[in-house]
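**Q** Quick check, what structure comes out for this input:
(chains A and B)
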Amino acid sequence: MKKSWLKIIAPLFTIALIAAACGGSDSDSGSSSSSKTASSTETEETEATETTEKADEVIESGTEAEGDVDTKVEAVVEKSSYGGNVTIGLEAEATGLRSWEDACSSPCLVIMKSMTDTMVERRADGTYGPWLASFWWANDGYTEWTFELEEGVTFHNGNPFTAQTLVDMFELQKVGAVSAGIISAAKVAEVVAVNDHTVKYILSGAHSAFPAFLYGVGLGGVFDPAAANEDFDGYSMNPIGTGPFMMSSRDLDNETIVVRNPNYWMSDEDGNQLPYLDSVTFRPIPDEGTRLDSLLSGTTNMMQTLRQGTIRDTRDAKEDGADIILLEFQGNNVGGGQYNLNNPPLDDVRVRKGLTQMNNQEAVIEALGGTGISLPGTQWFSPDSPWYSEKAAAAWPKFDFDAGKALIEEYVNDPDRSDGKAVGDKIEVELSCPPDPTLIAAIQVIEQLWSATGMVDVNLTNYDQQTHINYALGAPPDFMGEHGAHCWRWSSNDDPSTFLNTQFAPHTLGVAAAYGLDGIFSPINFFNYFDIEIFGWLVGAIGTDVFEERYALYEMVMMRIARDVPMWYSGHTAMLLATEANIVGVNGWVLPDGSLGAGFPSAVARWGQVFLDN
Amino acid sequence: MGKILTVRLARLIAALFAVSLLTFLLVEQLPGDPVFALLPPEALHDLATIERIRTELQLDDPVLVRYGRWLTDVVQGDLGKSYITDQPVADAIRDRVPVTLELALLATVFAALIGIPLGALCAYREGKRVDKAATGFTTAALSVPSFLVGIFLIWLFTLKFRWLPSSGWARISTKGVVANLKSAALPALSLAFAPLAINARLVRADMIGTLKENYVLSARAKGLRNRYILFRHALRPSSLTALTVLGLQLGALIGGTVVIETLFALPGLGSRLISAIYQRDVMMIQGITLFVAATYVIVNTLVDLLYLLLDPRIRRQ
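**A** Numbering: from 1, shown residues only, chains lettered A, B, ... in the order given. Predicted coordinates:
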């Protein structure tokens, strides 16, 4: 291979790749505008990420992202066939498969989605459509959501899936390590079985986008509560769901094999029962190079990566003649770093804006290996997202070294500067990322720029990912965090309410009380930044299901963020599923109503309609 | 012999106690709350969940109380449960030991089978071209890190020739011996390079001296064949050093396969340990560390006992 000798002289990546990049939202719960009424049918081809009329307007007006990499979601045209196995190499092992209890990021979701169905699924246009819930509606105040369930569905052990299942699941989810927080964010107070196939979720407060929470496995992943209660620990190794595949064997850190569920409830449009494949094998292969080599050598048939460097290598391999298909996805998830507003001088907007304006985004993306792969970030939505705002993009402080330096100078010469130092003294900033080589390169670029002013002392630090998270988190009861400028990632293709509301809630109980919001606080407001207007807009956005109203509110949120600059951006996170050319159906699966599914958001494959094109 | 064993056992227990206490205290120093490692960031605003998990795992107790509790359980054969996977630590170790042990054994066997004869040949051909070439090879083998060797072997045997898999482990119980050996070949070879070079050099140095001994000259004078002299008369006394080193290497390999296991995606002790460290899975860290420490001490004890069998001079002492 053209790049083979280069790979041989890059040994340090083998160790460095053990450490993951900044944590962020890898969950794959829902997104898009809400709708009170039942799902509608769509069969046309659409763009890879959400496309509403608004997104079309954005693209048509000339803001189509340069270097847009998303693979188009297209309906399958090949004739399906039964049989065969697909082996996929994943970035990491899923340490637990209890959807309500075990943390599950992108690699884990690839496994979990093979065995666990969710209540709703997302369409290619970003709206939610039927899956185990066939249709739903809300009351006028969005505090009661009623779901009609698919009939004739059974778990892998033969137990029936009914409304009572969801009621029993809720008892476990209320105290689940993962689901309890989601229930709190979604404001679910009670789940009631109206009849065998109708269930009602009663919320303690209005939420117009509630179905978005049933798209994610944390709350929407359906599991057999009887099996979970019978063997809580064992369930982690042998989950019982309604999904197209069932657990066959699980050899942790080596391979997990799932086999066809012969009683799966879903059929294709010709009435052929799904799934098509006999089995799927999941192999955790932490080393990026080995994972790609495994695909190219035929040891595996498919691989997932969340690394830009590996995406580039895979593209190169394809150009060199490898018979593989690349399914690329970018979406809203955006990298960068957060400022801790509790840590002077970062509590001063002049410093934050100045540092951000001195951040050469293109150079940072290049250091990350993302040139031509990763789109520069200006907000929490990618240009393909229906929530993307040109106004917010224009308002974001762009690279302007002199303007940034002037702001820093203004602060440094301010006798009332918040860090308590004398006029003319340099400001001190800790800049921290996990010890990934590309992240280190990126912060070195930023450090050089900031230091070049002669007014900023930058302390570069690296901690393993867990320590990195813990420093940002801090400790109870206030969870203030000790970090300075801290690498991070935010956002997902979920509905904005599923991540924005908790990230911008009051950051301490004291702040909450000061605004009369007693008890409402979020330890994951890592910026320690609270704006009561942002909070009001976010609350307003879940009080209406009119897209234009919600769009306007989220645009104001992004504009305020552009003004107050609690973070800086690098680029949107590119992800990839690479498959052998004969694997079909990862892209182009459909919902039960025939509408085109969302493809492979966050590089998570759905397995029920995958087949081998022989 | 009984006295020797008793002393060795006492040292083993003392070593394990020291290692486990030190590990426990060091892990305690890692920044951050281990509960946060169990939860996704979105769940962290639910303080009730955090407190419930902290209570369930008894993380509120003082560190020495927790260590004492753990030690009491260990003495009764219970290594506890993983904080992350809820799997009993003993089960996790049991599942992974065969992989790491087989890797370490295969690497040691490769290192011995190639390194010892190579060293003997170099000693026999001291100063000749073959000796110089082999010395160059062993220098290179010592200089190149094992993971770099691994990357090269993947390129050669997997991408280029497609003879061997690049990742994964085929367990004998499910995939058979041939598949197992194929999956172990490249990682074991990667691990064997440096020990092979060390063995070759040690044996060479030892045998050069041995070959000049009077009894070797006598054997030559008697007309015995060179190969017989080399492997029957010269290698045995020269092998004691190599034997010691092999034992040390085996012990070190059991604890030192982390990078290779990660590179080849093998479900061994090393890869589980590194995951446990990143995930702050204290019980798993303690269990694996204890196991590795115990193995290392036991292996070295066995090497010492083997000395007694091989060398009558030491037995007489």
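**Q** Next up, the contacts around B:Ile288.
**A** Residues near B:Ile288 by C-beta atoms under 8 Å, 6 or more residues apart in numbering or on different chains: B:89, B:93, B:269, B:272-273, B:276. Placement of C-beta: from N, CA and C, glycine included.
**Q** residue of the stretch 351-500 of chain A with the smallest distance to chain B?
**A** A:Asn470 (2.6 Å; C-beta to the nearest C-beta).
**Q** quick check, nearest of the contacts of B:Ile288 to chain A?
**A** For the contacts of B:Ile288, the nearest to chain A is B:Arg272 (6.2 Å; C-beta to the nearest C-beta).
**Q** What is the burial count for that closest one?
**A** 29 (other C-beta atoms under 10 Å in any protein chain shown).
**Q** contacting residues around it?
**A** By C-beta under 8 Å, 6+ apart, B:Arg272 lies in contact with A:252-253, B:92, B:96, B:284, B:288.
**Q** what about 10 Å?
**A** With contact set as C-beta atoms under 10 Å, 6 or more residues apart in numbering or on different chains, B:Arg272 has these partners: A:93, A:252-253, B:82, B:85, B:89, B:92-93, B:95-96, B:99-100, B:258, B:261, B:281, B:284-285, B:287-288.
**Q** Which members of the residues you listed occur in strands, if any?
**A** Using DSSP state E, the subset of the contacts of B:Arg272 located in strands is empty.
**Q** Keep only those of these that are in helices.
**A** Using DSSP state H, B:89, B:92-93, B:95-96, B:99-100, B:258, B:261, B:284-285, B:287-288 are the members of those that sit in helices.
**Q** top of those by neighbour count?
**A** B:Thr100 (30 neighbours).
**Q** which residue packs closest to that residue, ignoring adjacent ones?
**A** Spatial nearest neighbour of B:Thr100, chain neighbours left out: B:Gly268 (3.9 Å); criterion: C-beta to C-beta, 6 or more residues apart in numbering or on different chains.
**Q** got the phi/psi numbers for A:Val584?
**A** With angles defined as degrees, to the nearest 10, A:Val584 sits at phi -120, psi 150.
**Q** A:Gln379 now?
**A** phi -170, psi -170.
**Q** for B:Thr55, same thing?
**A** Per degrees, to the nearest 10, the backbone of B:Thr55 is at phi -70, psi -40.
**Q** before we move on, what about the one 3 residues further on?
**A** Backbone geometry at B:Gln58, expressed as degrees, to the nearest 10, gives phi 60, psi 40.
**Q** residues contacting it?
**A** B:65-66, B:69 are the contacts of B:Gln58 under C-beta under 10 Å, 6+ apart.
**Q** Intersect the residues you listed with the contacts of chain A.
**A** With C-beta under 10 Å from any C-beta of the partner chain as the criterion, no member of those is in contact with chain A.
**Q** Confidence-wise, which of the ones in helices among the contacts of B:Arg272 comes last?
**A** Across the ones in helices among the contacts of B:Arg272, the smallest pLDDT goes to B:Val258, namely 87.
**Q** I figured it hits B:Ala276, correct?
**A** No - here B:Val258 does not reach B:Ala276: they are 11.3 Å apart, not a contact under C-beta atoms under 10 Å.
**Q** before we move on, the earlier item: neighbour-wise, which of the contacts of B:Gln58 leads?
**A** B:Arg66 (17 neighbours).
**Q** So, low pLDDT: which residues of chain A?
**A** Counting by pLDDT under 70, chain A shows low-confidence ranges at A:1-69.
**Q** For stretch A:603-611, measure first residue to last.
**A** 18 Å (C-alpha to C-alpha, to the nearest Å).
**Q** Going by neighbour count, which residues in it are buried?
**A** A:603-611 (16 or more other C-beta atoms under 10 Å in any protein chain shown).
**Q** still on that earlier bit, secondary structure, pLDDT and distance to A:Tyr215 added to the contacts of B:Gln58, as JSON lines?
**A** Formatted as JSON lines, the contacts of B:Gln58 follow (DSSP: H, G, I helix; E, B strand; the rest coil; pLDDT from 0 to 100; distance: C-beta to C-beta, whole Å):
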{"residue": "B:Val65", "secondary structure": "helix", "pLDDT": "90", "distance to A:Tyr215": "44"}
{"residue": "B:Arg66", "secondary structure": "helix", "pLDDT": "88", "distance to A:Tyr215": "40"}
{"residue": "B:Arg69", "secondary structure": "helix", "pLDDT": "89", "distance to A:Tyr215": "42"}
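**Q** Check what pLDDT the closest residue to B:Glu28 other than its chain neighbours gets.
**A** Computed as C-beta to C-beta, 6+ apart, the closest residue to B:Glu28 that is not its neighbour in sequence is B:Val63, at 5.1 Å. According to the prediction, B:Val63 has pLDDT 84.
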